[in-house]
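J.: quick one: sequence plus predicted model below, questions after.
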Amino acid sequence: MARKASSSNSSNDAAQPQYKVDYREIQAYGTLRNLPIALEANARSQSVATLNQILADTMTLRDLYKKHHWQMSGATFYQLHLLLDKHYEEQAAIVDMIAERIMALGGISIAMAPDVAEMTRIPRPPKGREDVPSQLARLLEAHEIILRQAHEGADAADEAGDDGTNDLLVSNVIRANEPQVWFIAEHLAETTLVRPDK
């Protein structure tokens, strides 16, 4: 009987999650793992630094889209509410691609809001609601910051022989951000709904 109880207790112990562990970091931020991807460490290090900056700014742009999606108002509320959410989803997908490329290069991608806030080059908006032109102008400014970095980063990656990073920046970051700029900018064009009589 004692044996059964002992066996039963042992079984219960095995089923109990061991959630109290000593936290330990297995790779420091800013270091590179050596992966056999046929790229020199200096090329990978350069790309990781560039991509982490673009990642911080893309995460900020993504969240700026969600802020303005929630706080949108005015005559074009419905159209912009939907458009901004669509752009948010597209930026969220880009965030994942950039972070995964950093990890594939052997680096560490930033991930947490405090790190993003510390690194981003995009100006912080107020906590309150802004009017529609201000919201859209902020988005365009953020896109331009990211696009400038993406063009420079793509050129540097190409020179370093990092085709994967070059392709990501051109095929995903630039090709997604440029049409988003177009869609947002057109909402700031001065137009009238009714043509005046002549």
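T.: Cool, got the structure. Keep in mind that what you see is a predicted model, and the values were worked out from it rather than measured.
J.: what comes up buried for the longest helix seen in the chain?
T.: Scanning the chain for the helix with the most residues, using DSSP state H, yields helix 41-71. Residues of helix 41-71 classed as buried by neighbour count (16 or more other C-beta atoms under 10 Å): 43-48, 50-69. Quick note: C-beta positions are derived from backbone N, CA and C, even for glycine.
J.: packing partners for it?
T.: Secondary-structure packing of helix 41-71 (3 or more C-beta pairs under 8 Å, 6 or more residues apart in numbering; DSSP states H and E): helix 77-104, helix 113-119, helix 132-160, helix 163-167.
J.: and the angle from it to helix 132-160?
T.: Orientation note: helix 41-71 sits at an angle of 170 degrees relative to helix 132-160 (axes from the mean of the first three to the mean of the last three C-alpha atoms, to 10 degrees).
J.: what pLDDT, on average, does helix 41-71 get?
T.: In this model, helix 41-71 carries a mean pLDDT of 97.
J.: just to revisit the earlier point, want to try TSV for the helices and strands packed on helix 41-71, with distance to residue 25 as columns?
T.: Formatted as TSV, the helices and strands packed on helix 41-71 follow (distance: least, C-beta to C-beta, whole Å):
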stretch	distance to residue 25
helix 77-104	15
helix 113-119	14
helix 132-160	27
helix 163-167	25
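J.: can you list those in CSV and add mean neighbour count?
T.: Formatted as CSV, those follow (neighbours: other C-beta atoms under 10 Å):
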stretch, mean neighbour count
helix 77-104, 17
helix 113-119, 13
helix 132-160, 18
helix 163-167, 17
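J.: would a markdown table of those with mean pLDDT and distance to residue 24 be doable?
T.: Listed next are the helices and strands packed on helix 41-71 as a markdown table, based on pLDDT from 0 to 100; distance: least, C-beta to C-beta, whole Å:
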| stretch | mean pLDDT | distance to residue 24 |
| --- | --- | --- |
| helix 77-104 | 96 | 19 |
| helix 113-119 | 97 | 19 |
| helix 132-160 | 97 | 32 |
| helix 163-167 | 98 | 30 |
